[in-house]
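Asker: What follows is a predicted protein model with its sequence.
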Amino acid sequence: MPLLRENLSFSCLRCGECCEGPGGYVEVLPDDLERLCTFLSVDANTFGKKYLRRRSNGSLSLIDNASGDCIFLEDSECKVYSARPVQCSSWPWWPENLVSEEAWDKASDRCPGVKK
């Protein structure tokens with residue numbers, strides 16, 4: 001039985017650990033794109049050329065910087081935090097983290113804000 005969100009605790013510490021390292025991707029949905037463009041005061045074409053890549057499945061995702069971190073992570077801080085994509089703002093409430101206590105524990109190993 002999945003865990004219930006109201007029985008779990010999380011507080012984003014804005015540490016940037018979820019944004020670090022290669023291997024992941026942040027999908028950018030149409031509403032995310034609009035929000036990010038407004039936040040950065042750029043049009044979608046300019047934003048796309050500077051910050052997006054097309055994945056093999058056709059979806060758009062943020063590019064990474066040279067170290068594999070999110071392009072918007074600077075000094076362990078998200079520079080677009082208030083406009084970040086839904087994928088970011090919904091962490092750690094992803095279904096795969098809520099399937100069991102063990103899964104929630106694994107999420108807490110990766111994120112110091114889980115269980116806070």
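Answerer: The structure has been received and is ready for your questions.
Asker: Check what pLDDT residue 1 gets.
Answerer: Looking at residue 1, its pLDDT stands at 70.
Asker: Look up how far residue 81 lies from residue 97.
Answerer: Going from residue 97 to residue 81 by Cβ to Cβ, to the nearest Å gives 20 Å. No exception for glycine: its C-beta is placed from N, CA and C like everyone else's.
Asker: between those two, which one's more packed in?
Answerer: residue 97 (22 against 14; other Cβ atoms under 10 Å).
Asker: so residue 108 sits in a strand?
Answerer: No: counting by DSSP: H, G, I helix; E, B strand; the rest coil, one finds residue 108 to be helix, located in no strand.
Asker: List the single closest residue to residue 8 in space, sequence neighbours excluded.
Answerer: Excluding the flanking residues, the one nearest residue 8 by Cβ to Cβ, 6 or more residues apart in numbering is residue 104, at 6.4 Å.
Asker: Surely that neighbour is in contact with residue 2?
Answerer: No: here residue 104 lies out of contact with residue 2, judged by Cβ atoms under 8 Å, at a distance of 10.2 Å.
Asker: shared neighbours, those two?
Answerer: residue 98 (Cβ atoms under 8 Å, 6 or more residues apart in numbering).
Asker: residues contacting residue 82?
Answerer: residue 39.
Asker: can we see that at 10 Å?
Answerer: Taking Cβ atoms under 10 Å, 6 or more residues apart in numbering, we find residue 82 in contact with 35, 39, 89.
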